[in-house]
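Participant: The sequence and its predicted three-dimensional model are supplied below.
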Amino acid sequence: MGKIKLCPKCGSKRIKILVPQTGIWTCMKCGYQGGVLIEDSKMERQINDAKKMDKLSKKLMKGRL
Ligand SMILES: [Zn+2]
């Protein structure tokens with residue numbers, strides 16, 4: 001199993017190396033640029049879980065009002 005590189009901002013796999021010499025990557029989805037990338041497929045699930053939790057908490061907040 002190879003490591004999957006992901007955007008740390010949106011979790012997208014659609015990333016492209018911008019400057020190979022410096023290791024700067026760019027995300028095709030959200031436009032993130034930087035040298036930090038997530039190299040684990042588990043992380044993508046964690047990002048998705050965080051998004052779900054965020055939606056759920058917003059729902060709960062709405063329900064109270
Ligand atoms: Zn992104």
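Facilitator: Perfect, thanks for sending it.

Participant: all contacts plus neighbour counts: C-alpha atoms, from now on.
Facilitator: Fine.

Participant: Which helix or which strand is home to A50?
Facilitator: Here A50, judged by DSSP states H and E, is contained in helix 41-64.

Participant: now do the same end-to-end measure for stretch 24-39.
Facilitator: Taking CA to CA, to the nearest Å, the first and last residues of stretch 24-39 lie 15 Å apart.

Participant: Buried ones in that stretch, by neighbour count?
Facilitator: W25, T26, C27, Y32, Q33, G34, L37, I38 (16 or more other CA atoms under 10 Å).

Participant: is that stretch up against the ion anywhere?
Facilitator: Yes: using CA under 5 Å from the ion, stretch 24-39 comes into contact with the ion via C27, C30.

Participant: Filter the buried residues of stretch 24-39 down to the ones in helices?
Facilitator: Judged by DSSP state H, helices contain none of the buried residues of stretch 24-39.

Participant: could those go into a markdown table alongside pLDDT?
Facilitator: Output for those, formatted as a markdown table (pLDDT from 0 to 100):
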| residue | pLDDT |
| --- | --- |
| W25 | 92 |
| T26 | 94 |
| C27 | 94 |
| Y32 | 93 |
| Q33 | 93 |
| G34 | 91 |
| L37 | 78 |
| I38 | 77 |
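
Participant: so where's the chain shaky on pLDDT?
Facilitator: When residues are selected by pLDDT under 70, those of the chain lie in 1-2, 40-44, 65.

Participant: again, only using 90
Facilitator: 1-6, 8, 11, 18-20, 22-23, 35-54, 58-65 (pLDDT under 90).

Participant: separation between the residue nearest the centre of it and the ion?
Facilitator: For the chain, the residue nearest the mean C-alpha position is G11 (2.0 Å; CA atoms, centre = their mean). Applying CA to the ion, to the nearest Å, the value for G11 to the ion is 6 Å.
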